[in-house]
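Visitor: Below are the sequence and a predicted model for it; my questions follow.
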Amino acid sequence: MFQFLYRIISAQKLNYQLVRFSFFILALCFLNIDNTYGQDPWKALEQRQSTLGLESGVSTYTTPDLQLQLVKASQTVGSLKPNTNKQFDFTPGDRLKIRSSDGMYQLGDIDLRLKSVGNADWKNYSTATKRGAVIPIQNSNKTILAAADLAATLPADIPLNIQRYWEVADGHLVLLFKLKNKSNKIVEIGSLGIPMIFNNIMQGKSLEETHAENVFYDPYIGMDAGYLQVTRLNGHGPALVVVPFGKTPFEAYNPLNNDPTPRGIDFEGFYEWMVCSKAYAENEWKNAEPWNTPTSVKINPGKTISYGVKFLLADSIKGIEHELAKNKRPVAVGIPGYVLPQDVNAKLFLNYSQAVKSVQVEPEGALNVTTTLSAESKWKTYNVKGVTWGRARLTIIYADGLRQTINYKVIKPETELVRDFGHFLTTKQWYENKSDVFGRDQSVITYDYEKKQQITQDNRAWIAGLSDEAGAGSWLGAMMKEFVQPDKAEVDKLERFVDHTLWGNIQHSKGDQKYGVKKSVFYYQPDSLPKGTYSDSIRWKTWSAWSHKDANDVGRSYNYPHVASAHWVMYRLARYHTGLVSGQTWQWYLDNAYQTTMAMITKAPYYVQFGQMEGDIFFKILIDLKAEGWDDKADLLEKAMKIRADHWRTLMYPFGSEMPWDSTGQEEVYLWSEYFGYLDKAQITIDAILGYMPTIPNWGYNGSARRYWDFLYGGKLQRIERQLHHYGSGINAIPILSEYRNKPNDLYLLRVGYGGVMGSIANITQDGFGSAAFHSYPSALKIDGLSGDYGPNFFGYALNTATYITHDKELGWLAFGGNLIVKPDAINVEITTAAKSRIYIAPAGLWLTLDAGTFKSVSFNPKTGKVNVLLNVADQYTPVAYLHIQHPISGGNRISPYKLVGSSKVERGAYVIKLGDKPLAVDIINRNKL
């Protein structure tokens with residue numbers, strides 16, 4: 001690490017004092033890390049009495065897929081390993097001893113809330129609360145591995161007798177519970193949860209260890225068709241898939257926050273698969289809108305019901321749906337996903353052996369669903385159109401009674417949504433206050449949507465300080481909106497922001513710290529500011545209420561991409577449009593973008609060893625430096641980035657950050673690894689992203705990259721919680737879709753990446769407010785109240801939004817970001833994205849992008865390869881279009897076999913096409929097919 005820092009510093013020819021300062025900063029960071037890990041929260045657990053009965057030993061069983069180890073006394077899981085890799089454990093077996101006291105959930109436990117008819121209140125029961133050795137049940141059935149009566153580990157007053165069976169059915173491991181009503185009254189089960197305890201505990205591990213040993217798991221909360229996928233952090237197989245056994249619907253997904261295992265940035269917590277959830281819906285969840293209708297189950301005296309789950313093993317993450325289909329489980333594929341703009345004609349493909357009996361939409365009329373022809377007989381195909389804004393649930397009931405639910409989010413057409421987003425940012429969040437002592441006048445500031453007010457004070461200094469992700473997020477989002485959809489009035493305001501507030505306040509404009517970016521312009525220093533500056537209602541005695549000195553620190557590299565992005569957007573608006581920018585020249589903005597990038601290297605050297613969120617901006621700046629002929633600066637920037645990429649190449653998993661594990665650095669690590677030809681590292685990065693970014697038939701989880709601690713730093717409701725479509729969605733979609741353009745036959749990549757793109761705008765409200773993220777806990781299931789760090793999410797959308805046209809041998813012709821019509825001689829697509837500036841035609845490997853101007857539609861002839869694009873009319877600020885024609889392949893770009901028909905001037909690598917007052921048709925042909 002020291003060697004890496006030295007190479008960067010040496011390459012920049014810095015003076016000796018700065019070298020010493022940089023190493024001092026590095027040493028401090030090491031001290032901070034050591035102090036953090038010295039306060040081990042697990043120490044308290046060592047003092048707790050072990051009650052699981054580990055002293056009685058374990059029993060080992062081998063099934064066709066898995067090796068199961070059960071603790072003899074409890075018959076709960078000690079380990080669960082795939083037969084193909086018995087060094088790997090899906091469960092936290094390495095912490096079994098320290099997690100063996102009362103209250104700690106194990107795989108094999110059960111949670112219940114019950115009441116007898118006539119009683120008003122629910123009562124809680126759990127096999128984990130107070131451990132007792134279970135009573136083994138003797139049996140001669142060879143398919144049953146172990147069975148037990150659980151009475152000894154449950155309270156004596158429970159009205160049910162519960163037996164648990166570990167068995168093999170159809171070659172797969174099964175966990176089965178049999179519940180018998182032993183009372184003389186009807187018993188209502190208000191909730192029944194099966195804890196899903198898998199090894200997502202990363203505390204105290206290196207990145208190499210976490211990628212080798214840990215898993216993440218994501219739910220498809222789809223009732224009888226639901227499942228849980230358990231995927232390794234390295235993205236490799238096998239993947240565990242937990243599915244219902246018998247009638248065991250996946251109704252809700254509940255966090256087990258009463259488990260004393262210490263939660264934090266290195267452990268998200270455990271969850272339980274809930275079969276029924278009415279008792280929670282009446283209490284903790286009463287103010288939330290659940291994914292599924294909460295239910296309960298009544299058992300008559302003497303009657304028995306059974307619930308269970310089966311454990312399948314897929315050979316890879318991409319093979320999960322194949323494994324489901326092979327085991328006769330329903331498979332749903334939504335195209336382009338489950339976030340539906342109202343002007344998009346979506347499709348839903350269902351693969352299940354049974355006929356569809358009925359389809360129900362809730363709220364009624366929110367979706368328009370009609371059947372259509374299938375390209376392949378095993379798929380049932382539906383056209384789906386979003387009608388009413390908001391969440392919508394589709395319920396499919398099959399002939400055998402199986403009930404499947406799919407949750408959609410209907411949003412405005414992207415053009416309208418993005419327009420409203422920009423308007424909200426530059427009106428509701430536009431801050432003007434010439435007397436502001438922190439110099440924030442003329443800026444886009446953090447917003448509290450629940451209070452409908454701007455945030456000018458917060459004990460997390462950055463929130464009100466226009467820097468860090470949660471403070472810069474709002475103005476970054478506003479900047480990126482103009483890149484997607486320029487608006488003159490909004491651009492004028494943002495010019496003032498750059499000239500008045502960013503340059504010279506957020507970013508130093510002179511002196512030794514020139515181009516350095518502050519951690520925050522807001523700070524807590526009551527002894528140096530007028531009385532009454534700070535609110536008495538805020539608790540200021542906390543580490544996050546930075547002093548003036550701490551706020552002025554320029555050593556956090558993650559702040560620099562935000563500022564570089566602002567300068568770069570202004571450069572693009574000034575360079576490719578006429579009269580849109582009236583202040584500084586395009587040269588000034590591009591130079592500032594470059595200088596900000598290099599200042600990150602020299603003034604914030606420690607965290608430069610990690611990939612940065614929004615790190616793609618540095619590549620964009622590099623490409624534009626080259627296009628402008630600024631070769632000296634381009635060369636310096638490229639050399640600095642290669643030093644970083646060379647360092648990442650030496651690491652097995654170069655995805656570190658300020659946190660022990662993170663999902664932010666992968667974006668930039670992939671970019672430079674791919675750019676410099678380190679394809680092995682690029683592939684490792686893609687695999688890792690797929691390990692935490694699923695495709696699931698639920699808008700909240702589909703394409704939602706794993707994030708679970710940033711509500712603490714950028715949210716209003718502050719807690720450790722799986723965040724749905726936090727900025728991980730937007731930024732991780734960038735490398736996934738880049739990889740897809742290199743490998744256009746991999747539809748899985750497109751589905752995941754596009755899910756992230758659409759997820760990044762799913763949490764924008766009807767009036768244009770962009771929330772930090774969506775709360776996944778069933779007690780909330782709503783957007784967070786703060787704008788927080790939403791900006792990086794929209795950055796991902798802005799750089800990545802595109803129309804994709806592809807053909808799948810089973811699903812037929814598909815469009816993502818457009819409405820597709822198949823004609824005898826062509827595939828026609830009307831563009832529906834907000835930017836309307838990028839089109840990828842997968843069968844041709846053709847990547848069309850515009851620096852200015854917009855696409856209206858595209859037509860592709862699969863036989864001749866001919867492409868016709870229709871460009872929208874000119875406007876006051878965009879008289880010409882700048883069109884790039886590229887042909888991505890794995891490992892880089894090559895000269896495209898496609899060319900523009902007719903003559904056209906080329907500037908900065910783009911065809912210059914004069915626009916008129918009518919849409920302009922442009923033909924593109926394949927030289928190889930002439």
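Guide: Yep, that arrived. Please read all numbers here as calculations on a predicted model, not as lab measurements. Residues are numbered from 1 along each chain as shown.
Visitor: What is the subsequent helix or strand relative to the helix or strand where Arg644 lies?
Guide: Using DSSP states H and E, Arg644 maps to helix 631-649. Using DSSP H and E, the helix or strand that follows helix 631-649 in sequence is helix 666-675.
Visitor: elements contacting that following helix?
Guide: Judged by 3 or more Cβ pairs under 8 Å, 6 or more residues apart in numbering; DSSP states H and E, the packing partners of helix 666-675 are helix 616-627, helix 631-649, helix 679-692, helix 727-742. For every residue, glycine as well, the C-beta is placed using N, CA and C.
Visitor: starting at the chain centroid, how far to the helix holding Arg644?
Guide: Relative to its chain's centre, helix 631-649 lies at 28 Å (Cα atoms, centre = their mean, to the nearest Å).
Visitor: Same check on stretch 423-440?
Guide: Using Cα atoms, centre = their mean, the offset of stretch 423-440 from its chain centre is 30 Å.
Visitor: likewise stretch 567-585?
Guide: The answer for stretch 567-585 is 32 Å, by Cα atoms, centre = their mean.
Visitor: who touches Ala733 in this structure?
Guide: By Cβ atoms under 8 Å, 6 or more residues apart in numbering, the residues touching Ala733 are 703, 752-757, 760, 796, 800.
Visitor: Please produce a PyMOL select command covering the buried subset of those.
Guide: Selection of the buried residues among the contacts of Ala733 in PyMOL, burial being defined by 16 or more other Cβ atoms under 10 Å:
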select buried, resi 703+752+753+754+755+756+757+760+796+800
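Visitor: For Glu364, state which of the contacts of Ala733 is nearest.
Guide: Gly755 (26.5 Å; Cβ to Cβ).
Visitor: Against Leu820, how distant is that closest one?
Guide: 18 Å (Cβ to Cβ, to the nearest Å).
Visitor: go on, Pro219?
Guide: 31 Å.
Visitor: These two: which has the busier surroundings?
Guide: Comparing Pro219 with Leu820 by other Cβ atoms under 10 Å, the one with more neighbours is Pro219, at 25 against 18.
Visitor: three-state assignment of that one?
Guide: Following DSSP: H, G, I helix; E, B strand; the rest coil, Pro219 is assigned to strand.
Visitor: My guess is it contacts Glu272. True?
Guide: No: using Cβ atoms under 8 Å, Pro219 is not in contact with Glu272; the gap is 10.3 Å.
Visitor: tell me, what's touching these two both at once?
Guide: Residues touching both Pro219 and Glu272 (Cβ under 8 Å, 6+ apart): Tyr253.
Visitor: related to what we said a few turns ago, just the helices and strands packed on helix 666-675: most buried one?
Guide: Greatest average neighbour count among these goes to helix 727-742 (a mean of 28), per mean count of other Cβ atoms under 10 Å.
Visitor: Could you point out the helix or strand that follows it?
Guide: Following helix 727-742 in sequence, per DSSP H and E, is helix 747-759.
Visitor: and Ser776, what does it touch?
Guide: 253, 700, 721-724.
Visitor: got a markdown table for these, with distance to Val444 too?
Guide: Shown next, in a markdown table, are these (distance: Cβ to Cβ, whole Å):
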| residue | distance to Val444 |
| --- | --- |
| Tyr253 | 35 |
| Gly700 | 27 |
| Glu721 | 27 |
| Arg722 | 28 |
| Gln723 | 22 |
| Leu724 | 24 |
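Visitor: And those, which is closest to Asn161?
Guide: Distance to Asn161 across the contacts of Ser776 (Cβ to Cβ) is lowest for Tyr253, with 27.4 Å.
Visitor: Kindly format the C-alpha coordinates of the helix or strand harbouring the closest one as PDB.
Guide: According to DSSP H and E, Tyr253 maps onto strand 252-255. Presented in PDB, the C-alpha positions along strand 252-255 are these (Å, rounded to 0.1, in the frame of the first residue of the first chain):
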ATOM      1  CA  ALA A 252     -43.100 -11.600   3.800                       C
ATOM      2  CA  TYR A 253     -39.500 -11.200   4.700                       C
ATOM      3  CA  ASN A 254     -38.800 -10.100   8.200                       C
ATOM      4  CA  PRO A 255     -35.500  -8.900   9.800                       C
END
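Visitor: For that strand, which strands pair with it and how are they oriented?
Guide: Strand 252-255 has the following strand partners under DSSP bridges: strand 271-276 (antiparallel).
Visitor: In this protein, where is pLDDT below threshold?
Guide: The chain contains residues with pLDDT under 70 at 1-39, 890-895, 930.
Visitor: Can you give me every residue that contacts Lys182?
Guide: With Cβ under 8 Å, 6+ apart, Lys182 has these contacts: 159-161.
Visitor: Closest to Ile445 out of those?
Guide: Taking Cβ to Cβ as the measure, Ile445 lies nearest Leu160 of those, at 55.4 Å.
Visitor: related to what we said a few turns ago, with distance to Gly532 as extra columns, can I get the helices and strands packed on helix 666-675 in TSV?
Guide: Below are the helices and strands packed on helix 666-675 laid out as TSV (distance: least, Cβ to Cβ, whole Å):
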stretch	distance to Gly532
helix 616-627	40
helix 631-649	46
helix 679-692	46
helix 727-742	35
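Visitor: Quick one: closest of these to Lys178.
Guide: helix 679-692 (35.6 Å).
Visitor: Next secondary structure after the closest one?
Guide: Using DSSP H and E, the helix or strand that follows helix 679-692 towards the C-terminus is helix 710-714.
Visitor: For Leu848, give the beta-bridge partners.
Guide: Beta-bridge partners for Leu848, by DSSP bridges, are Ile839, Ile885.
Visitor: what's the neighbour count on it?
Guide: Neighbours of Leu848 under the rule other Cβ under 10 Å: 23.
Visitor: Closest to Ser520 out of the contacts of Ala733?
Guide: Gly796 (23.7 Å).
Visitor: what separates that closest one from Glu667, distance-wise?
Guide: In terms of Cβ to Cβ, Gly796 sits 8 Å off from Glu667.
Visitor: Tell me the residues that contact both of these two, please.
Guide: Common neighbours of Gly796 and Glu667 are listed as 731-732, 734 (criterion: Cβ under 8 Å, 6+ apart).
Visitor: Turn these into JSON lines, columns for distance to Arg575.
Guide: As requested, the shared contacts of Gly796 and Glu667 are exported to JSON lines (distance: Cβ to Cβ, whole Å):
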{"residue": "Ile731", "distance to Arg575": "25"}
{"residue": "Asn732", "distance to Arg575": "29"}
{"residue": "Ile734", "distance to Arg575": "22"}
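Visitor: quick check, nearest of the residues you listed to Gln587?
Guide: Ile734 (27.5 Å).
Visitor: what about that closest one, distance to Val563?
Guide: Taking Cβ to Cβ as the measure, Ile734 falls 19 Å from Val563.
Visitor: Angles on the backbone of Met480, please.
Guide: phi -70, psi -30 (degrees, to the nearest 10).
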